[in-house]
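Engineer: Sequence below, structure please.
(one chain, ligands or ions: 1)
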Amino acid sequence: MLQPQKPGIPLPAPSLVTQPFWDGCRAGELRYQRCQDCGAITMNPSPACSSCFGTNLGWEVSAGKGEIYSYTVVWRPQTPAFEVPYVPAVVELDEGFPLMSAIVGCEVDDVKVGMRVKAVFEEMSEEITLIYFEPAT
Ligand SMILES: [Zn+2]
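Structural biologist: Numbering: from 1, shown residues only. Alright, predicted model coming up:
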């Protein structure tokens, strides 16, 4: 069964731009930016809209549901801290943006492109909670 990684793996270092995203993760929310001028979604967090380059961005909360766009199975980890196998995946959220994450809660052979998944949150430290995706039931 694929599981979240255990504490001890390298963790992200939030910046002023990404802090609202990480605050959302700690609150159990997948937050993303939407341009208040043109309506385009910007993800990953950015100081400027990926469509019109304006800086009038607001934060919204995703329902956390989507489908697997692509994935791979890792058997040789980047560092020994990672337990294998794990399945990094690009998930296309229903709101219309992709997110790089990993799949948990099923066997490796169950993972398929197009599979419906939902976000789950795993606390890794006091500051960092990571988003994983598991099969939607
Ligand atoms: Zn814009």
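Engineer: Give me the phi and psi angles of residue 26.
Structural biologist: phi -60, psi -30 (degrees, to the nearest 10).
Engineer: so what's the residue lying closest to it once chain neighbours are set aside up against?
Structural biologist: Among residues not flanking residue 26 along the chain, residue 129 sits closest, at 4.8 Å (C-beta to C-beta, 6 or more residues apart in numbering). Every C-beta, even on glycine, is put in place using the N, C-alpha and C of the backbone. Applying C-beta atoms under 8 Å, 6 or more residues apart in numbering, we find residue 129 in contact with 22, 25-26, 28, 121-123.
Engineer: which residues does residue 129 form a beta bridge with?
Structural biologist: residue 123 (DSSP bridges).
Engineer: Quick check: beta-bridge partners of residue 88?
Structural biologist: residue 102.
Engineer: Could you look up the SS state of residue 22?
Structural biologist: What DSSP: H, G, I helix; E, B strand; the rest coil gives for residue 22 is helix.
Engineer: cool, and residue 28?
Structural biologist: Going by three-state DSSP, the state assigned to residue 28 is coil.
Engineer: related to what we said a few turns ago, tell me how far the residue nearest to residue 26 lies from residue 7.
Structural biologist: 11 Å (C-beta to C-beta, to the nearest Å).
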